[in-house]
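Chemist: here are the coordinates; sequence isn't available:
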């Protein structure tokens, strides 16, 4: 189609203008485009004809085409009026003249909508604020490949309205992609959201690259399908919460950009149609060649710089790929190193529910991100295709990256250190955000998402982390957080409502770090169970979250590593949990090799209410009903367990799965359901933590 034949649309420019004809031509040829929603859930075409033996051991080339893909929606500051549209180029070539068109009506040549043109790509720089339209480049430190992401922040939209959008690369023969989305309702309204974590990528024949990666599993494909078509037949959610460990690219050190691409193409089958809101996980922390703040590094790596990884971070805090691909609501916090922390943690409100996404890497004790810990004596550094050489003993441990925490002996808590020049900024922000939410008459319930677990009894996985219990559970108690959704463990687990903690040494050291003794008692700050008996709402079991917070482990997105084997006290037969009470010790030397300790302690886990030893995979769907008056909001959760699908070559791998129609559990959470008496044994916080 001749661009000159198109009508001149309403125009919204980005930072720098590009020629209108190139952009308009790109949109004009998109008239016959089939949207992501219409394409549905059909498999992607893989480039490989047969199953690869395993993950590539050398760097695979990225495409040099520029057609837009990996469409991704996220909420803006106010989900009723602001949505960010993001997409990526397939590989190592920037798009010539990227442009976004959006409209309340389907986009055609006659009705091209409003245009937003994007500027030239700029390298990821967290010291700068984003413009309305931004193009971001990021160069992977371990293979040298540069990839490109594009973001347009749409504002002043109408609440509860459908918008159509299309993006174009602006090439001479333009390629386009597009779909539609709904803005959130304003005020008291019913809606649905969904959640899981630990997604990974599909296996080779469902990946865009045709490769299998270290955590590839076909359940990652069907988990995305489930969001578009949940098992109860009541329709897709308004948005999805992704509880960390998105694609495990840090495990494929020579091919992180390709892993991120396969993840992006897979999730776009849903994320192009509705916002996907993530939390950072330990596997978003990647090796590279930067210092901790994302600048060219000078400090040595290796055991001498444990906890800082010297100059082996892939962008700021190792989060370069994540922060270049996701543009999330702004928390208005600037880190002590000068980086804006937009997207590391954030909040948004839909209807009567406040949602808060946290980066638990900042407070956890578990050292579980990128690590080169070779047990062989005198092991050579890990060499990568960019020439980077990562010494044995190097790890990325992000504990305290937004500032210092100090212990308070009276309640075994951790607070932003009042005596430090750099107190922990994320925890200060969390306190302010929770306090504001509880003062806000429009907020009935608070839902927190994060990756790692404060309460987990998985014996095959990681266990519970005292770092979260110390830093954030006192705030969850003081401001009565209703639900906490996490991943990390590749399974399902639900707690009873908990509030406060059982004072005293309820844990036992079983795998001592230096300075610990096997068999000694240890204070794990075990949360106190408020009640073990639910009430009912319309015949459905219901829990009063005004009494206590319910913790849900939803880590069965799709990774190839199920962890649904749970701890049990051999004497009583009751649930038992591993607990990480201090940083996992890394021991050894270059001469002898390095090892890392696991969880050091165990505790009986009376807080564990439900576990699923049959199926590791699954997803949760939540229906919000605001009721008629303030405080009456309820959230009904259905958890659907999904059978495992083989990711090996052969007929089992090539088959499909039937998504479940009957939930494993259906529960109601609310703050006005009938109360139950609280046991008197708990140490209860009298008030919120000190102001910081």
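Modeler: Sure, I can see it. Since the model is a prediction, treat every value here as computed from it, not as a measurement. Numbers count the residues shown, from 1 in each chain.

Chemist: beta partners for residue 340?
Modeler: Residue 340 has these beta-bridge partners by DSSP bridges: residue 334.

Chemist: same deal with residue 618?
Modeler: Beta bridges link residue 618 to residue 641 when assigned by DSSP bridges.

Chemist: list the contacts of it.
Modeler: When contacts are counted by Cβ atoms under 8 Å, 6 or more residues apart in numbering, residue 618 touches 196, 492, 554, 556, 612, 639, 640, 641, 642, 664. C-beta here means a position set from N, CA and C on the backbone, and glycine is covered the same way.

Chemist: which of the residues you listed fall in strands?
Modeler: 196, 492, 554, 639, 640, 641, 642 (DSSP state E).

Chemist: my guess is residue 321 meets residue 140, correct?
Modeler: Yes: between residue 321 and residue 140 a contact is recorded at 7.3 Å, counting by Cβ atoms under 8 Å.

Chemist: just to revisit the earlier point, nearest to residue 347 among the contacts of residue 618?
Modeler: Distance to residue 347 across the contacts of residue 618 (Cβ to Cβ) is lowest for residue 554, with 19.3 Å.

Chemist: residues near the closest one, how many?
Modeler: The local packing of residue 554 (other Cβ atoms under 10 Å) involves 27 other residues.

Chemist: nearest residue to it other than its sequence neighbours?
Modeler: Excluding the flanking residues, the one nearest residue 554 by Cβ to Cβ, 6 or more residues apart in numbering is residue 196, at 4.8 Å.

Chemist: hang on, the earlier thing: pull out the buried members of the contacts of residue 618.
Modeler: 196, 492, 554, 556, 612, 639, 640, 641, 642, 664 (16 or more other Cβ atoms under 10 Å).

Chemist: could I get those residues as CSV with distance to residue 499 and pLDDT?
Modeler: Rendered in CSV, the data for these read as follows (distance: Cβ to Cβ, whole Å; pLDDT from 0 to 100):
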residue, distance to residue 499, pLDDT
196, 26, 98
492, 23, 98
554, 21, 98
556, 27, 94
612, 25, 97
639, 23, 98
640, 29, 97
641, 28, 95
642, 32, 92
664, 26, 97
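
Chemist: can you add distance to residue 112 and give those back as CSV?
Modeler: Shown next, in CSV, are the buried ones among the contacts of residue 618 (distance: Cβ to Cβ, whole Å):
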residue, distance to residue 112
196, 37
492, 46
554, 41
556, 42
612, 49
639, 43
640, 40
641, 45
642, 41
664, 47
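
Chemist: identify, from those, the entry nearest to residue 412.
Modeler: Set against residue 412, the nearest of the buried ones among the contacts of residue 618 by Cβ to Cβ is residue 554 (27.6 Å).

Chemist: hey, what's that closest one bridged with?
Modeler: Beta bridges link residue 554 to residue 492 when assigned by DSSP bridges.

Chemist: repeat that for residue 179.
Modeler: With DSSP bridges applied, residue 179 shows beta-bridge pairing to residue 165.

Chemist: for residue 407, same thing?
Modeler: When assigned by DSSP bridges, residue 407 has beta-bridge partners residue 414.
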